[in-house]
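**Student:** predicted model and sequence follow; I will ask about them next.
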Amino acid sequence: MVKLLKVHGSENKFFILDQTLLETTLNDDELKSVAINFCDNILGGADGLLVIDTSENCLGKMRVINADGSEAKMCGNGLRTVSRYLSEKYQLDNFKIETMESDLDVEKAPDLYNGVPAFSVEISPISFQKADLPFSYKQNDEMIDMMVPEFLPDQSFTAIAVPNPHLISFVPEVSQLELGDLGQKLNGKNEYFPEGVNVSFSQILDTNKIFVQTYERGVGFTNACGTGMSATSLAFAMLHPDKFDPDKEISVYNPGGMVKTKITLNPVKENSQLRLIGNATFTHTLEVSEFNLHSNNLNDIDVAETGEEKDYQAFVESISQ
Ligand SMILES: N[C@@H](CCC[C@H](N)C(=O)O)C(=O)O
């Protein structure tokens, strides 16, 4: 039997499959089918499948398969949960994890709340270049605080790859309707973001305090998007210096809870440093036979709750007071 986990970071939910536990690893087609099946049908679904593989230079490698079967370059909330998994497996608190474009530094952080383990993860590399998003809008090589009436008439937009693509707009109040419409438009066939984009709207609440909601590529509305909150924090620090204190962490509220980000701006903006700090919660363990996993038959799974979710909900309750 193979043991999987259901996990979340700020209620951005995933299944973790450690391929190193298998006799025979799943190939890419099998991973895609299993990701779609798990994310649609098991335990209320999830936003993606996080796949752990061996790595030559790091403690492990993380791949991110979105709910629709597409593969993402990175996942910030997911990386925290994979960090916890590898930390417990190898009894280490500080190490590197290989992702599609870079080896990222991760470390155990103080618990977010009683019974809520937390990890701090590096988010990198950063790019604003149109080729790295990719996007196409008139002759622009970058899109930074730019009015784009083709998206929405009265909002400005910033595009940042970390390295998955994000489009960010600061708004007086988040409109789910406008976010959903724009997210759908830019993730369907469109001339601006040919590979789709994660779209985040953010409300500035106070100094170093923002709210972020994201329409995710390959998923749709999500409770939280880790790379989205990191990219939005970078845009916030760059574009709203009057509300940004560089010596302190930023509190990023989201529909699933709250994370912290630490932004160290660099005059060369691509060399700025981003860290994402937040919960790594395991909600369920699942056991399935390797044969059933290979044949994408998920009818016979043993599920057990870990009991961690009540502590996470107590944390959410504590920040809403
Ligand atoms: N929610 C993730 C991002 C997942 C990838 C995204 N759907 C994409 O396709 O780029 C996060 O926490 O960063």
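**Tutor:** Received it, and whenever you're ready, just let me know what you need.

**Student:** going forward, measure contacts between C-alpha atoms and count neighbours the same way
**Tutor:** Noted.

**Student:** buried ones in stretch 300-313, by neighbour count?
**Tutor:** Buried residues in stretch 300-313, counting neighbours by 16 or more other Cα atoms under 10 Å, are found at 301, 303, 308-309, 311-312.

**Student:** stretch 272-283 too?
**Tutor:** Per 16+ other Cα under 10 Å, stretch 272-283 contains these buried residues: 273-283.

**Student:** near the ligand, which residues of the chain?
**Tutor:** Contacts of the chain with the ligand, taken as Cα under 6 Å from any ligand atom, map to 66, 72, 74-78, 164-165, 216-218, 225-228.

**Student:** those residues in helices, which ones?
**Tutor:** Among the residues of the chain next to the ligand, DSSP state H puts 76-78, 226-228 in helices.

**Student:** ok, how many other residues are close to the closest residue to S136 other than its chain neighbours?
**Tutor:** Nearest residue to S136, sequence neighbours excluded (Cα to Cα, 6 or more residues apart in numbering): Y192, at 4.9 Å. For Y192, the count of nearby residues is 18 (other Cα atoms under 10 Å).

**Student:** dump the residue contacts of K260.
**Tutor:** Counting by Cα atoms under 8 Å, 6 or more residues apart in numbering, K260 touches 249-252, 276-278.

**Student:** for it, which three-state class applies?
**Tutor:** strand (DSSP: H, G, I helix; E, B strand; the rest coil).

**Student:** can you pull up the bridge partners for S251?
**Tutor:** K209, K260 (DSSP bridges).

**Student:** wait, doesn't it sit right on T261?
**Tutor:** Yes: assessed by Cα atoms under 8 Å, S251 is found in contact with T261 at 6.7 Å.

**Student:** quick one, which of the two is more surrounded?
**Tutor:** Neighbour count, other Cα under 10 Å: between S251 and T261, T261 has more, with 26 against 21.

**Student:** for P172, see how far away that one is.
**Tutor:** To P172, T261 is 21 Å away according to Cα to Cα, to the nearest Å.

**Student:** I263 now?
**Tutor:** Counting by Cα to Cα, the gap from I263 to P172 is 23 Å.

**Student:** more crowded one of those two?
**Tutor:** Per other Cα under 10 Å, whichever of I263 and P172 has more neighbours is I263, with 26 against 11.

**Student:** please, where are all the strands along the stretch 101-250 of the chain?
**Tutor:** 103-113, 116-123, 146-147, 156-161, 165-170, 198-206, 209-216, 220-222, 250-254 (DSSP state E, counting those that start in this stretch).

**Student:** of those, flag the one that's most buried.
**Tutor:** Stretch with highest mean neighbour count among these: strand 165-170 (a mean of 26; mean count of other Cα atoms under 10 Å).

**Student:** helices or strands up against it?
**Tutor:** In this structure, strand 165-170 packs against strand 156-161, strand 198-206, helix 226-239, with contacts taken as 3 or more Cα pairs under 8 Å, 6 or more residues apart in numbering; DSSP states H and E.

**Student:** tell me the pLDDT of L234.
**Tutor:** Per-residue pLDDT puts L234 at 98.

**Student:** hang on, I meant S320
**Tutor:** Looking at S320, its pLDDT reads 85.

**Student:** go on, S295?
**Tutor:** For S295, pLDDT reads 96.

**Student:** same thing with P165?
**Tutor:** pLDDT, read off for P165, is 97.

**Student:** tell me how many other residues crowd the residue nearest to D141 when sequence neighbours are not counted.
**Tutor:** Closest residue to D141 apart from its sequence neighbours, by Cα to Cα, 6+ apart: K130 at 5.2 Å. Other residues near K130 come to 18 when the count uses other Cα under 10 Å.
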